[in-house]
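>>> Take this sequence and fold it.
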Amino acid sequence: MKDESKKQLRLDFEKYMRYCLQTKSNFSLEDFASFASTIINFSSSDKSGINQDKENKSDYLLQLYNAGLRNRITKEDLQELKTIILSDPGIDFEIINLLYKT
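Numbering: from 1, shown residues only. The predicted structure follows:
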């Protein structure tokens with residue numbers, strides 16, 4: 001994954017996290033999973049299924065989320081979360097709208 005892709009993912013992650021903390025007072029695992037699957041599916045050039053690009057993005061976003069939890073999520077649970085995120089083909093346009101509105 002290119003550095004500029006990582007930078008954009010991090011910016012999107014931080015923006016959505018702040019939004020959740022301000023409006024819901026938490027950034028739940030459910031919020032994160034919806035965000036991650038949406039941003040991965042929206043930003044991936046290959047819409048045909050799971051590929052290396054999507055896996056790399058999922059790993060990076062999980063790393064960011066876990067770091068915010070002081071790395072409390074186990075490797076096994078991270079793998080399970082990755083499977084869940086990558087198996088969701090949907091895009092939540094409310095999330096996209098929030099991230100990219102002017």
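>>> what about S25, helix or strand, and which?
According to DSSP states H and E, S25 maps onto no helix or strand at all.
>>> how near is it to S58?
S25 sits at a distance of 26 Å from S58 (criterion: Cβ to Cβ, to the nearest Å). All C-beta atoms are positioned from the backbone trio N, CA, C, and that covers glycine.
>>> Might you report the residue contacts of K82?
Each residue near K82 by Cβ atoms under 8 Å, 6 or more residues apart in numbering is listed here: E55, S58, D59, L62.
>>> Buried ones only from the residues you listed, please, as a ChimeraX command.
To isolate the buried ones among those in ChimeraX, judged by 16 or more other Cβ atoms under 10 Å, type:
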select :58,62
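>>> who touches F35 in this structure?
Here F35 is in contact with D12, F13, Y16, L61, I95 (Cβ under 8 Å, 6+ apart).
>>> so how many other residues sit close to the fourth one?
A count of nearby residues for L61, using other Cβ atoms under 10 Å, gives 24.
>>> from the contacts of F35, which is closest to I84?
L61 (12.4 Å; Cβ to Cβ).
>>> thinking again about what came up before, which among the contacts of F35 gets closest to Q79?
Closest to Q79 out of the contacts of F35 is L61 (13.9 Å), distances taken as Cβ to Cβ.
>>> Pick out the residue closest to the middle of this protein.
A36 (2.2 Å; Cα atoms, centre = their mean).
>>> how about that residue, what does it touch?
A36 sits next to S58, L61, L62, Y65, I85 when contact means Cβ under 8 Å, 6+ apart.
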